[in-house]
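Visitor: Model the following, please.
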Amino acid sequence: MMNIPSSIKTFLYGHILFILFALSACAITEKIPEIQNQESAHSTNAINEPILPEKYPAPKDYDKAYSYRTNSPNQTIVSFINNSQNDSLRLQNPELYIQSLVSLIDSTKDVFEKVKMVYDAVALLLEYDTEGRASQNIGPQDWDNILISRKSVCEGYANLFKQICDLLKIPCEKVHGYARGVYKASPNESTSPNHAWNIVKIQDYWYFVDCTWGSGALNQNNVQHIYNTDWLFVKSNHFIYTHFPADSNHQLTQRKISLEEFKKTPRLDPTFFEKYSLDSPFFSVNNIDSAYTISLKKNLNANARIIFYDYESGSEIKERSISKQNPEKISSIFHAPAPGLYLGVILYNVKDNLYNGCGYFLLNAHKASSTIYPTLMRSSAQNVEIISPLKELRPDSTYTFTVKVPNKKYVLLFCNGKKNRLKQIEKGVFSKQVKIPKNAEDIYMSVSNEEYGAYEAIAKFKIKIK
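Guide: This next block holds a predicted model:
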């Protein structure tokens with residue numbers, strides 16, 4: 001498997017830390033009402049397509065709403081916020097500032113665009129109040145106070161969004177409930193209310209909006225504005241994987257998900273459903289013996305990755321998992337190096353070698369596995385599968401090396417400079433028994449389409465050092 005650059009880890013953990021940081025500061029004292037349990041598979045398959053409820057009807061068709069999830073802010077809003085005269089007005093008279101902003105937004109006839117402009121304004125105006133959170137000195141979260149300071153926690157984001165919608169006469173409610181963090185999520189997940197977000201009504205239907213999570217992320221302990229529309233107009237059967245409202249009516253589905261069902265589902269961001277679909281169900285915490293296989297269908301022909309981390313230390317577990325993927329599907333097998341808890345992260349390619357996380361789940365391993373995979377290397381070889389050996393190699397020992405590499409004709413095993421040619425035993429499958437010398441330092445497997453041409457390394461095997 002290719003090594004994941006540290007920049008990906010930084011982004012991933014930064015995103016995780018921001019959510020945890022934000023959630024702990026937004027604790028609400030309201031209690032979750034009892035919700036009637038319903039029979040379910042308690043899996044990712046338990047959440048069905050939304051059916052229109054009586055109190056808060058949600059749409060069946062999100063095509064129009066999703067066309068506004070562009071990850072680009074409205075430039076009229078950007079210009080308004082960056083205008084120095086407007087900024088002076090914000091400090092001197094926040095009420096007049098909001099009225100000016102409302103007049104600007106109201107000149108747009110499309111209600112979807114109006115709501116997006118409100119979302120953009122709140123997400124761009126406010127920064128998460130990390131200092132107040134750290135010092136336990138969070139100021140008033142009234143819309144006018146946070147507008148002056150431009151610092152807020154989730155309660156203030158939701159208040160400002162609702163205030164602007166109210167002035168625009170767009171039906172809007174503030175919702176309290178539990179929103180789940182990612183990395184240090186406990187196997188015994190606490191679901192006390194800790195977050196605030198909004199629902200907004202457009203053309204008879206209600207939609208989810210979370211401006212807090214759309215406004216930024218924490219990177220290396222500093223909040224950065226990383227605007228996104230991932231949390232605008234989110235489908236109700238996707239939003240429930242991260243947000244559990246105190247009022248079950250705010251789930252925006254007729255079939256209500258019980259608290260126990262919610263706790264059993266993994267954390268899947270809305271982007272997950274744009275990139276993947278479920279090939280097999282998995283849970284928030286998956287109890288395993290020593291090995292685990294996850295399989296996903298890919299909705300887009302793009303590179304995908306599934307990485308595993310030690311739960312306690314946060315360090316990536318290398319040489320213990322291997323992935324296979326084609327344009328339609330990705331599957332990954334993980335072998336636990338020791339009994340304990342591990343975090344699985346599902347990523348998608350953003351551009352070049354940059355990946356974002358969109359799905360998170362825990363593995364609770366009861367035993368250790370002896371399987372160790374060689375490190376796969378970047379090459380022109382496709383669909384490489386190392387069949388054996390899958391263990392740490394010992395010097396002065398003999399192993400059968402078998403590999404499947406469909407698009408190559410020749411395979412060599414290099415050990416301390418000595419070449420061992422693997423024999424093709426069937427189409428695309430090569431094998432040979434090789435004895436590892438006592439002084440072995442490194443073992444590489446290389447491939448080529450020319451018997452005496454240039455070879456490129458596809459895998460490096462781990463040797464046990466005495």
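Visitor: how about the strands in the stretch 151-300 of the chain?
Guide: 151-152, 172-179, 195-202, 205-209, 217-219, 222-224, 232-234, 243-245, 267-268, 276-278, 285-288, 291-298 (DSSP state E, counting those that start in this stretch).
Visitor: tilt between the third one and strand 205-209?
Guide: In this case it means strand 195-202. 150 degrees (axes from the mean of the first three to the mean of the last three CA atoms, to 10 degrees).
Visitor: how about Asn71, what does it touch?
Guide: By CB atoms under 8 Å, 6 or more residues apart in numbering, the contact set of Asn71 is Tyr227, Asn228, Thr229, Asp230. C-betas here are computed from N, CA, C, even on glycine.
Visitor: So for the helix or strand Ala459 falls within, mean pLDDT?
Guide: Assigned by DSSP states H and E, Ala459 belongs to strand 456-461. Strand 456-461 shows a mean pLDDT of 94.
Visitor: Next: stretch 150-165.
Guide: On average, stretch 150-165 scores 94.
Visitor: got it, and stretch 311-320?
Guide: pLDDT averaged over stretch 311-320 gives 91.
Visitor: That stretch: which residues count as buried?
Guide: Tyr311, Glu316, Ile317, Lys318, Glu319, Arg320 (16 or more other CB atoms under 10 Å).
Visitor: Okay, now that stretch: how far is its last residue from its first?
Guide: From its first residue to its last, stretch 311-320 covers 15 Å (CA to CA, to the nearest Å).
Visitor: Report the distance from that stretch to the chain centre.
Guide: Mean-position distance between stretch 311-320 and its chain equals 17 Å (CA atoms, centre = their mean, to the nearest Å).
Visitor: picking that back up, need the max-distance pair from the contacts of Asn71.
Guide: The span of the contacts of Asn71, defined through CB to CB, is set by Tyr227 and Asp230 at 10.0 Å.
Visitor: Mutual contacts of these two, please.
Guide: Asn71, Gly214.
Visitor: any chance of the contacts of Asn71 in TSV, plus distance to Cys415, pLDDT and neighbour count?
Guide: Shown next, in TSV, are the contacts of Asn71 (distance: CB to CB, whole Å; pLDDT from 0 to 100; neighbours: other CB atoms under 10 Å):
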residue	distance to Cys415	pLDDT	neighbour count
Tyr227	52	91	15
Asn228	49	92	19
Thr229	53	95	20
Asp230	48	94	16
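Visitor: and the residues you listed, which of them are in helices?
Guide: Assignment to helices by DSSP state H places none of those there.
Visitor: Lowest mean pLDDT across the strands of the stretch 151-300 of the chain, which one is that?
Guide: When the strands of the stretch 151-300 of the chain are ranked by mean pLDDT, strand 217-219 comes last with a mean of 50.
Visitor: now the helix or strand harbouring Glu131: how far from the chain's centre is it?
Guide: Assessed by DSSP H and E, Glu131 sits inside helix 130-135. Computed by CA atoms, centre = their mean, the chain-centroid distance of helix 130-135 equals 25 Å.
Visitor: mind listing what's buried in it?
Guide: So, applying 16+ other CB under 10 Å, buried residues of helix 130-135: Thr130, Gly132, Arg133.
Visitor: CA atoms only for stretch 78-96, dumped as PDB, please.
Guide: C-alpha atoms of stretch 78-96 as PDB (Å, rounded to 0.1, in the frame of the first residue of the first chain):
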ATOM      1  CA  VAL A  78     -18.200  37.900  -0.300                       C
ATOM      2  CA  SER A  79     -18.100  41.500  -1.700                       C
ATOM      3  CA  PHE A  80     -20.600  42.700   0.900                       C
ATOM      4  CA  ILE A  81     -18.600  41.200   3.800                       C
ATOM      5  CA  ASN A  82     -15.200  42.500   2.500                       C
ATOM      6  CA  ASN A  83     -16.600  46.100   2.000                       C
ATOM      7  CA  SER A  84     -14.900  48.300   4.500                       C
ATOM      8  CA  GLN A  85     -17.900  50.600   4.900                       C
ATOM      9  CA  ASN A  86     -20.200  47.600   5.600                       C
ATOM     10  CA  ASP A  87     -17.700  46.300   8.100                       C
ATOM     11  CA  SER A  88     -17.700  49.600  10.000                       C
ATOM     12  CA  LEU A  89     -21.500  49.500  10.000                       C
ATOM     13  CA  ARG A  90     -21.300  45.900  11.500                       C
ATOM     14  CA  LEU A  91     -19.300  47.200  14.500                       C
ATOM     15  CA  GLN A  92     -21.400  50.400  15.000                       C
ATOM     16  CA  ASN A  93     -24.900  49.200  14.200                       C
ATOM     17  CA  PRO A  94     -25.300  45.400  13.800                       C
ATOM     18  CA  GLU A  95     -29.000  45.700  13.400                       C
ATOM     19  CA  LEU A  96     -28.700  48.100  10.400                       C
END
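Visitor: I am finished for the moment; much appreciated.
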